[in-house]
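[1] Fold the following, please.
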Amino acid sequence: MNQSLPFRIFGGVSFLRAALFLFMTERYLASAGVTVTSDTFLLAQGVGVATLSMGFIAWRIPDVAGDAMKPLGQLYGIVLAIYIAWLGYNTVVGDVGGATVYVVLVVHIALAAMFFMQSKK
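    Numbers count the residues shown, from 1 in each chain. Next comes the predicted model:
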């Protein structure tokens, strides 16, 4: 597997999720079982901006990282594992739910596995 592939996929997924957070905020939150208020709407758009920023960073890492690709892959894998644990916990306790959450979990589990496999080579 190309070492840049997990970063490019993560960047693409982040761009998609950012677009959903920024331009389809109410529908995206509702699909995850989150009640939409003016506060959650504003917070979700802030998360969209942060997600877009992380997407740009991930997309550019293969171009600028040089020899640091393996440790960066491991770091991204750890960060995704933390996110997966957080989202999994909130799914189990019922704070979020729906197909959107399960799709996000599956995609991020696969990405974390890709980052860890890439960092071992």
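[2] list the helices and strands the longest helix along the chain packs on?
    For the chain, the longest helix by residue count, based on DSSP state H, is helix 38-64. The helices and strands touching helix 38-64, judged by 3 or more CB pairs under 8 Å, 6 or more residues apart in numbering; DSSP states H and E, are helix 5-23, helix 25-31, helix 69-92. No exception for glycine: its C-beta is placed from N, CA and C like everyone else's.
[3] tell me the most buried of those?
    Comparing those by mean neighbour count (mean count of other CB atoms under 10 Å), helix 5-23 comes out on top with a mean of 18.
[4] nearest residue to Arg27 other than its sequence neighbours?
    In space, and not counting its chain neighbours, Arg27 is closest to Leu20: 8.0 Å by CB to CB, 6 or more residues apart in numbering.
[5] list the contacts for the one you found?
    27-28, 48 (CB atoms under 8 Å, 6 or more residues apart in numbering).
[6] swap in Thr51?
    Shown in contact with Thr51 (CB under 8 Å, 6+ apart): 14, 17-18, 21.
[7] follow-up on the earlier one: average pLDDT for the longest helix of the chain?
    The average pLDDT within helix 38-64 is 95.
[8] Tell me which residue lies nearest the centroid of the protein.
    Central residue of the chain (CA atoms, centre = their mean): Ser14, 5.6 Å from the mean position.
[9] Give me the pLDDT for the residue lying farthest from the centre of the chain.
    Ranked by distance from the centre of the chain (CA atoms, centre = their mean), the top residue is Asp67, with 24.1 Å. Looking at Asp67, its pLDDT reads 85.
[10] which stretches of the chain have low pLDDT?
    Along the chain, segments meeting pLDDT under 70 span 1.
[11] ok, back up a step: dump the helices and strands packed on helix 38-64 to TSV, plus distance to Ser53.
    Shown next, in TSV, are the helices and strands packed on helix 38-64 (distance: least, CB to CB, whole Å):
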stretch	distance to Ser53
helix 5-23	8
helix 25-31	17
helix 69-92	14
